[in-house]
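Trainee: Provided below for reference: sequence and predicted model.
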There are 2 protein chains.
Amino acid sequence: MSKLRILLVGASGTLGRAVAAELGQRHEIIPAGRSADIKIDLTDPASIVAALKAAGPLDAVVSAAGSVAFKPLSDIGPATIDTSVYGIGLRDKLMGQVNLALAARDVLKDGGSITLTTGVLTTDLIVAGSSATMVNCAVEGFVRAAAIELPRGIRINAVSPTVLTESMEGYGPFFRGFKPVPAAEAAMGFSRSVEGAETGRVYTIV
Amino acid sequence: MSKLRILLVGASGTLGRAVAAELGQRHEIIPAGRSADIKIDLTDPASIVAALKAAGPLDAVVSAAGSVAFKPLSDIGPATIDTSVYGIGLRDKLMGQVNLALAARDVLKDGGSITLTTGVLTTDLIVAGSSATMVNCAVEGFVRAAAIELPRGIRINAVSPTVLTESMEGYGPFFRGFKPVPAAEAAMGFSRSVEGAETGRVYTIV
């Protein structure tokens, strides 16, 4: 496999750094994020399009980013997307990654790949996790559906890691009994997506 | 089982009429919808809260409603929720049903039930179906997640029917090769949810 040019969104995060360390051994990583040279704000479609343009020719676009809110269901009432706690994840982790994929579709080289991030709460349920579960399920649905419609041999997959060892200090209380995985292990899912040939897959890392 | 009071949203639709015919044999159905006595607009959280208040004491809230847009992926570009074609389903079929569930949680009798509708595109993919798949997956994620946090023995399930025989004239071109089911058969999933004892389930009707 020749050296690929890979745009990595969320490059400075715990997961993003591990993805850069894994894929950077064999490929060129172009970091993007709120504080990277290539600025990108997933909640702003124009910034996504601009970032992809600034990155130049790309073989792969990888997202290791996306925020959701954690709140007990008992504290959530009926509200519009604009005011609901669910709106945070729907705008950021869902539509941010969906828009990244749609923009990537228009600029990736033939046979390029798109890799998004979901997470273990797709299938494993915790108190205060209803937004994460909803949003992760939506992202995975989009990935499977988009895979059959993408043009020019472009592939799309998701990586769904469980809680990261490096994140246990902050997230531990939400994830009692969950066996964490090192970010370096989660990064292998991104390697399978970018360097493999599958499409419409979710790589579950537990 | 004693006679239940069931609020049915989308009572005048193809699926809603079949649900009313099935559950109305044994229970009291209170129809709600844009043209029913009890007015409800799923995109308006205040109208949902008002409808549930107007309905009086309830043992079950059932949604046989929810719109999504169908559009080929090639015609969808990066956009905010406000302007994206995905926003239609996220506001209506997703957040409309989520808000209905959250409002129902606050008014249902102890041990009451909530039943939402998804659809076959959760798992089966078609061209122009990426919004339906995304939104259905999000609703099913919410149902599974909310089930572990609902108070007072309140249950929540979803029914996921394939394309209805009665809808094939309009939807047929999208669903070539799909074996349709009569709406009366899909209605049995609602019976299982309302009259059964499970929670966090998706009843797939194919």
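Mentor: Perfect, I can see it now.
Trainee: distance of the residue nearest to the spatial centre of chain A from chain B?
Mentor: Ranked by distance to the mean C-alpha position of chain A (CA atoms, centre = their mean), the top residue is residue A:117 at 2.7 Å. Distance from residue A:117 to chain B, counting by CB to the nearest CB, to the nearest Å: 16 Å. Every C-beta, even on glycine, is put in place using the N, C-alpha and C of the backbone.
Trainee: Quick one: residues contacting that residue.
Mentor: A:10, A:15, A:63, A:64, A:65, A:66, A:97, A:139, A:158, A:159, A:160, A:161 (CB atoms under 8 Å, 6 or more residues apart in numbering or on different chains).
Trainee: ok, the second one - how many residues close by?
Mentor: For residue A:15, the number of neighbouring residues by other CB atoms under 10 Å in any protein chain shown comes to 24.
Trainee: mind listing the strands in chain A by residue range?
Mentor: Shown for chain A, the strands assigned by DSSP state E span residues A:5-9, A:28-33, A:38-39, A:60-63, A:113-117, A:155-161, A:202-205.
Trainee: Specify the angle between the fifth one and strand A:155-161 in degrees.
Mentor: Interaxial angle of strand A:113-117 relative to strand A:155-161 (axes from the mean of the first three to the mean of the last three CA atoms, to 10 degrees): 20 degrees.
Trainee: returning to that earlier point: and the contacts of residue A:117 near chain B, which?
Mentor: residue A:139 (CB under 8 Å from any CB of the partner chain).
Trainee: what's the closest of the contacts of residue A:117 to residue B:194?
Mentor: Of all these, residue A:139 has the smallest distance to residue B:194: 30.7 Å, by CB to CB.
Trainee: Now for that closest one: which residues touch it?
Mentor: Taking CB under 8 Å, 6+ apart as the test, what residue A:139 contacts is A:66, A:93, A:94, A:97, A:98, A:116, A:117, A:118, A:158, B:134.
Trainee: number of nearby residues for the closest residue in space to the second one that isn't next to it in sequence?
Mentor: Using CB to CB, 6 or more residues apart in numbering or on different chains and skipping the chain neighbours, the partner closest in space to residue A:93 is residue A:66 (3.2 Å). Neighbouring residues of residue A:66 were enumerated by other CB under 10 Å; the total is 24.
Trainee: Equivalent analysis for the one 5 residues further on, please.
Mentor: Under the neighbour criterion other CB under 10 Å, residue A:71 is assigned a count of 16.
Trainee: Report pLDDT for it.
Mentor: For residue A:71, the pLDDT comes out at 98.
Trainee: From residue A:42, how far off is the closest residue to it other than its chain neighbours?
Mentor: Nearest residue to residue A:71 in three dimensions, chain neighbours excluded: residue A:85, at 4.9 Å (CB to CB, 6+ apart). Computed as CB to CB, to the nearest Å, the residue A:85 to residue A:42 distance reads 18 Å.
Trainee: Tell me which of the two has more neighbours.
Mentor: Taking other CB under 10 Å, residue A:85 and residue A:42 do not tie; residue A:42 has more neighbours (27 against 16).
Trainee: That one is in contact with residue A:97, isn't it?
Mentor: Yes: counting by CB atoms under 8 Å, residue A:97 is a contact partner of residue A:42 at 6.9 Å.
Trainee: tell me, what's touching those two both at once?
Mentor: A:63, A:65, A:66.
Trainee: Could you single out the nearest of these to chain B?
Mentor: For the shared contacts of residue A:42 and residue A:97, the residue nearest chain B by CB to the nearest CB is residue A:63; the value is 13.4 Å.
Trainee: Give me the neighbour count for that closest one.
Mentor: Neighbour count for residue A:63, taken as other CB under 10 Å: 29.
Trainee: Let me know the distance separating it from residue A:152.
Mentor: Distance from residue A:63 to residue A:152, by CB to CB: 20 Å.
Trainee: Repeat that for residue A:4.
Mentor: From residue A:4 to residue A:152 the distance is 16 Å (CB to CB).
Trainee: residue contacts, the closest residue to residue A:73 other than its chain neighbours?
Mentor: Excluding its sequence neighbours, the residue lying closest to residue A:73 (CB to CB, 6+ apart) is residue B:149, at 3.7 Å. By CB under 8 Å, 6+ apart, the residues touching residue B:149 are A:72, A:73, A:74, A:127, A:130.
Trainee: Just to check, residue A:105 is in contact with residue A:147?
Mentor: No: with contact defined as CB under 8 Å, residue A:105 does not count as touching residue A:147 (11.4 Å).
Trainee: Between the two, which has more neighbouring residues?
Mentor: Legend: neighbour count by other CB under 10 Å for residue A:105 and residue A:147, higher for residue A:105 (23 against 20).
Trainee: Can you find which helix in chain A contains the most residues?
Mentor: helix A:130-147 (DSSP state H).
Trainee: chain center to that helix, what's the gap?
Mentor: Put simply, helix A:130-147 sits 11 Å off its chain's centre (CA atoms, centre = their mean, to the nearest Å).
Trainee: What mean pLDDT does it get?
Mentor: In the prediction, helix A:130-147 has an average pLDDT of 98.
Trainee: what's the lowest-mean-pLDDT helix or strand in chain A in contact with?
Mentor: Scoring the helices and strands of chain A by mean pLDDT, DSSP states H and E places helix A:168-171 at the bottom, with a mean of 91. Contacts to helix A:168-171, defined as CB under 8 Å, 6+ apart, come from residues A:163, A:175, A:180.
Trainee: Can you point out the buried residues in that helix?
Mentor: Buried positions in helix A:168-171, judged by neighbour count with 16 or more other CB atoms under 10 Å in any protein chain shown: none.
Trainee: again with stretch A:189-201
Mentor: So for stretch A:189-201, counting by 16+ other CB under 10 Å, buried means A:189, A:190, A:191, A:192, A:193, A:194, A:199, A:200, A:201.
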